[in-house]
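> Predicted model follows, preceded by the sequence.
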Amino acid sequence: MKQIYTYYVQLALLVFVNFSYAKTNQLDQYISLDSVSIVMDTEIITETNQVSTSYAADCTNDTTPPTAATQDITVSLDASGNASIAPEDVENGSTDDCGPINLVSVVPNSFDCTNIGTNTVTLTINDGNGNTNTATANVTVEDNIFPNVSCQPVTVQLDASGNASVTAAQVDDNSSDNCGIASMSVSPSTF
């Protein structure tokens, strides 16, 4: 039976400002220069000459902004005609190469009856190292609450021709809606 040996070799990959690079194969030796960013990689070499490499970003001087990702959502207005959202409602898998992201804000985050329909919002995130990024999402605002209809009895007198009519305002008894009443009608309105 053939036995496979695995060797771990740590390499310091140096990336210079002009994008040229140099490698050192000295184990556990760390080089620190102001103009050099160090990224450690580990190469796993087996006896069968298979190589797999994994990289870890150097986060001590992180200047790379996080990647903001959003999703579109739909919100319904409440009985008062208002709705609000939080950053986590539109965030959809934002990432950063140096760890978790922080949800900063979503603007705008509150809606009312004047916002019914599609609204664009901006999500802002940061990575805790001074790097921020934004992304937009669509928030569709809906009013799904039916009006509260209240009627009162009305007595009308027939005219000389034997006809009478009523208006919606005469029959209405303080009907209401969370976004206001756009129009009213009564049927039948003539007798």
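Received the coordinates, thanks. Since the structure is predicted, the reported quantities are computational estimates derived from the model, not experimental observations.
> What are the buried residues along stretch 168-181?
Neighbour-count burial for stretch 168-181, counted by 16 or more other CB atoms under 10 Å, picks out 171-172, 177-178. Every residue, glycine included, has its C-beta placed from N, CA and C.
> quick check, nearest of the residues you listed to Asn61?
Nearest to Asn61 among the buried residues of stretch 168-181: Asn178, at 52.3 Å, using CB to CB.
> The closest one touches Ser76, doesn't it?
No. In terms of CB atoms under 8 Å, Asn178 does not count as a neighbour of Ser76; the distance is 10.2 Å.
> Determine the residues that are contacts of both of the two.
The overlap between the contact sets of Asn178 and Ser76 (CB atoms under 8 Å, 6 or more residues apart in numbering) consists of 143, 145.
> residue ranges for the strands of this protein, please.
6-16, 21-24, 36-46, 51-56, 73-76, 82-84, 102-107, 110-112, 117-126, 132-142 (DSSP state E).
> taking the mean pLDDT, what do you get for the first one?
In this model, strand 6-16 has a mean pLDDT of 37.
> now do the last one
Within the predicted structure, the mean pLDDT of strand 132-142 is 98.
> Next, the angle from that strand to strand 117-126.
If you take axes from the mean of the first three to the mean of the last three CA atoms, to 10 degrees, strand 132-142 sits at 160 degrees to strand 117-126.
> Give the pairing partners of strand 132-142; include direction for each.
The pairing partners recorded for strand 132-142 under DSSP bridges are strand 73-76 (parallel), strand 117-126 (antiparallel).
> Contacts made by that strand with the rest, please.
Taking CB under 8 Å, 6+ apart as the rule, strand 132-142 contacts 65-77, 83, 85, 90, 94, 104, 111, 115-126.
> Deepest in the core, which of the strands paired with strand 132-142 is it.
By mean neighbour count, with neighbours taken as mean count of other CB atoms under 10 Å, strand 117-126 ranks first of the strands paired with strand 132-142 at a mean of 17.
> Can I get that strand in PDB? Just the C-alpha atoms.
Presented in PDB, the C-alpha positions along strand 117-126 are these (Å, rounded to 0.1, in the frame of the first residue of the first chain):
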ATOM      1  CA  GLY A 117     -45.100  52.400  -5.400                       C
ATOM      2  CA  THR A 118     -41.400  51.700  -6.000                       C
ATOM      3  CA  ASN A 119     -38.800  53.700  -4.100                       C
ATOM      4  CA  THR A 120     -35.000  53.500  -4.400                       C
ATOM      5  CA  VAL A 121     -33.000  53.100  -1.100                       C
ATOM      6  CA  THR A 122     -29.300  53.200  -0.500                       C
ATOM      7  CA  LEU A 123     -27.600  50.700   1.900                       C
ATOM      8  CA  THR A 124     -24.300  51.700   3.500                       C
ATOM      9  CA  ILE A 125     -21.900  49.200   5.000                       C
ATOM     10  CA  ASN A 126     -18.400  49.300   6.400                       C
END
